[in-house]
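Asks: Okay, predicted coordinates and the sequence, questions at the end:
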Amino acid sequence: MKGISIWIAAALLGWSACLLQADELMDSLREGLYAEEAEGNLEGALEAYRSVIEQFEANRKTVATAMFRMAECYRKLDRHEDAARQYKAIIERFPEQGQLVELSQQNLKGMGVGLPKEGAAGPAGISEEEARELRRMQDLVQNSPDRINS
């Protein structure tokens, strides 16, 4: 019973941390909108929007890590089908997480499970339109003229 209580407390703590991160994203977005529309401060708005994108990327790493740890737990419990599903999801949804992708591929190979086909689909869980918008925003952050001058 004590173990269940600890698990529930840990889950609630993790959930509240996710809510706080979502609040930070919304706060940064609101700051950007206010700077852009109310103050006419386009430079300030750009910084706030960059912050939203950077926070989103940090959250992706956290989610990918949690999924990998889940896969490891499944593997250790000899629930290989569940583990394989998590490893494949990491490879498909988080291709930018190089180390986690490599470890997932190694573990799938070690379990004798085939790898997902490269380029067969966009990241799972988001539409193609969302994936295009994400790539556009990432490109904007990386290649912003303001970033060149700073």
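Replies: Looks like it arrived, so ask away.
Asks: where does the protein have its least confident helix or strand?
Replies: Lowest on mean pLDDT, DSSP states H and E among the helices and strands of the chain sits helix 145-149, with a mean of 55.
Asks: Who are the packing partners of whichever strand or helix holds Val52?
Replies: Assigned by DSSP states H and E, Val52 falls within helix 42-76. Taking 3 or more CB pairs under 8 Å, 6 or more residues apart in numbering; DSSP states H and E as contact, the helices and strands that helix 42-76 lies on are helix 2-33, helix 80-93, helix 98-110, helix 128-143. Heads up, the C-betas are built off the backbone N, CA and C, glycines and all.
Asks: Buried residues in that helix, which are they?
Replies: Under the neighbour-count criterion of 16 or more other CB atoms under 10 Å, helix 42-76 has 45-53, 55, 60, 64, 67-68, 70-72, 74-75 buried.
Asks: got any ranges where the chain has weak pLDDT?
Replies: Low-confidence segments of the chain, defined by pLDDT under 70: 1-22, 116-129, 131-132, 142-150.
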